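[1] coordinates for the following, if possible.
(one chain, ligands or ions: 3)
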Amino acid sequence: MRVRIIGSAAGGGFPQWNCNCPVCAGAREGRATPRTQSSIVVRSGEDPWYLVNASPDLLRQLADLPTDRSAGMRSNPIAGVVLTDGEIDHTAGLLLLRESSAPLRVYSTVAVRDALTSEYPLLTMLERYCGVDWRPLEPGAATPLEGTTLSVETFPTGGDAPLYMGGGDKEGKAGPSAIGLTVRDSATDGTLVYVPAIEALDETVSARLAEGDTVLADGTFFRHDDLVALGLGERDSWAMGHAPLTGEGGTLEALAALDAEVALVHINNTNPMLLEDSAERVQAEGAGLVISEDGMEFEL
Ligand code: MLT
Ligand code: MN
Ligand code: ZN
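    Ligands and ions are numbered 1, 2, ... in the order given. Model prediction:
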């Protein structure tokens, strides 16, 4: 299986358009590499690519994807999309695929499909354009990705409903929480574990992380109060469904102890480890973790 990180930043990208925090300012001064919003692609052998999450930067990301264009006037560089949640940064790119000449194949949980046909009706809208060929991701089952030797299993990783559904407020609607994916390639025996949102390292998540040959894990926040300390928000990392890397309940040590190649993804623009000359970067890399960048690939 080949895995390519096509977007390594969290929602907003890096630097974020309206942000003058020290990390975004550092990127504008050349002290960090800009990154697009969270998404990966996976394929087995020369089989078609599957997109995992569809970011608002999708068109730029697809332009950079190696693609066989010999199939005719219209050919899809991707065979379908797998969604790990219903968040805007992971789904807005679906609308950018509306020119598809075949119904867009979308794998998601029922809860994500419900969100995307009610409060944020992207799938309903796409029905009027290219059509949608929706496929369920059932808990406890392995779902084959059609046309490949890959299958995906899901596991719950917590987190509140998206903000457009109330974000877990008492008045808000029940909505989808995030899942992680275990992607297995029956041809190579390679296993990828992809978890862009980890609310807590509970037993389920820890057991799944231990299965991966390659693990792409939540690197959103370095400390729980990255945003609050900068005066950029009142919700800390916990309130946003992301365990921080360091401090109480932090994930860095457990990730570093895995017997796998581990790269941090979905990195928020305020995370100081993005700055190449930062102490936080030295700490994360010193622990053996890869701070992902757009275009990074893994073969497993
Ligand atoms: C998240 O990853 O927690 C969400 O994408 C945050 C958001 O953009 O609302
Ligand atoms: Mn996000
Ligand atoms: Zn920033």
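[2] any idea which element residue 112 lies in?
    Assigned by DSSP states H and E, residue 112 belongs to helix 110-115.
[3] what about residue 111, distance to ligand 3?
    From residue 111 over to ligand 3 the distance is 31 Å, taken as Cβ to the ion, to the nearest Å. From N, CA and C alone the C-beta is placed, and that goes for glycine too.
[4] for residue 255, give me phi and psi.
    Phi and psi for residue 255, reported as degrees, to the nearest 10, are phi -70, psi -40.
[5] for the closest residue to it other than its chain neighbours, give me the pLDDT.
    Distances taken as Cβ to Cβ, 6 or more residues apart in numbering put residue 262 closest to residue 255, at 5.1 Å, once the chain neighbours are dropped. Residue 262 carries a pLDDT value of 98.
[6] which residues touch residue 262?
    With contacts defined as Cβ atoms under 8 Å, 6 or more residues apart in numbering, residue 262 is in contact with 214, 215, 216, 217, 255, 256, 288, 289, 290.
[7] sort out which of the residues you listed are buried, if you could.
    The neighbour-count test (16 or more other Cβ atoms under 10 Å) marks 214, 215, 216, 217, 255, 289, 290 as buried among the contacts of residue 262.
[8] could the residues you listed go into a markdown table alongside distance to ligand 1, secondary structure and pLDDT?
    As requested, the buried ones among the contacts of residue 262 are exported to a markdown table (distance: Cβ to the nearest ligand atom, whole Å; DSSP: H, G, I helix; E, B strand; the rest coil; pLDDT from 0 to 100):
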| residue | distance to ligand 1 | secondary structure | pLDDT |
| --- | --- | --- | --- |
| 214 | 21 | strand | 98 |
| 215 | 18 | strand | 99 |
| 216 | 14 | strand | 99 |
| 217 | 13 | strand | 98 |
| 255 | 18 | helix | 98 |
| 289 | 19 | coil | 98 |
| 290 | 20 | strand | 98 |
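[9] so whichever residue of the stretch 201-300 of the chain sits closest to ligand 3: helix, strand or coil?
    Nearest to ligand 3, among the residues of the stretch 201-300 of the chain, is residue 269, at 3.8 Å (Cβ to the ion). Recorded secondary structure, residue 269: coil (DSSP: H, G, I helix; E, B strand; the rest coil).
[10] look at it and report its pLDDT.
    Residue 269 is given a pLDDT of 98.
[11] from the stretch 201-300 of the chain, which residue is nearest to ligand 1?
    Nearest residue of the stretch 201-300 of the chain to ligand 1, counting by Cβ to the nearest ligand atom: residue 240, 4.6 Å away.
[12] show me where the stretch 151-300 of the chain has its helices.
    Residue ranges of the helices in the stretch 151-300 of the chain, as given by DSSP state H, counting those that start in this stretch, are 203-209, 226-229, 252-256, 279-286.
[13] redo the ones you listed as CSV? Include distance to ligand 3.
    CSV is the format used below for those (distance: least, Cβ to the ion, whole Å):
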stretch, distance to ligand 3
helix 203-209, 27
helix 226-229, 9
helix 252-256, 21
helix 279-286, 14
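[14] now distance to residue 138 too, for those helices, in CSV please.
    Shown next, in CSV, are these (distance: least, Cβ to Cβ, whole Å):
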stretch, distance to residue 138
helix 203-209, 16
helix 226-229, 35
helix 252-256, 28
helix 279-286, 35
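[15] between those, which gets nearest to ligand 2?
    Nearest to ligand 2 among the helices of the stretch 151-300 of the chain is helix 226-229 (13.1 Å), distances taken as Cβ to the ion.
[16] what does the closest one rub up against?
    Helix 226-229 is contacted by residues 221, 223, 233, 234, 235, 236, 237, 244, 268, 270, 271, 272 when judged by Cβ under 8 Å, 6+ apart.
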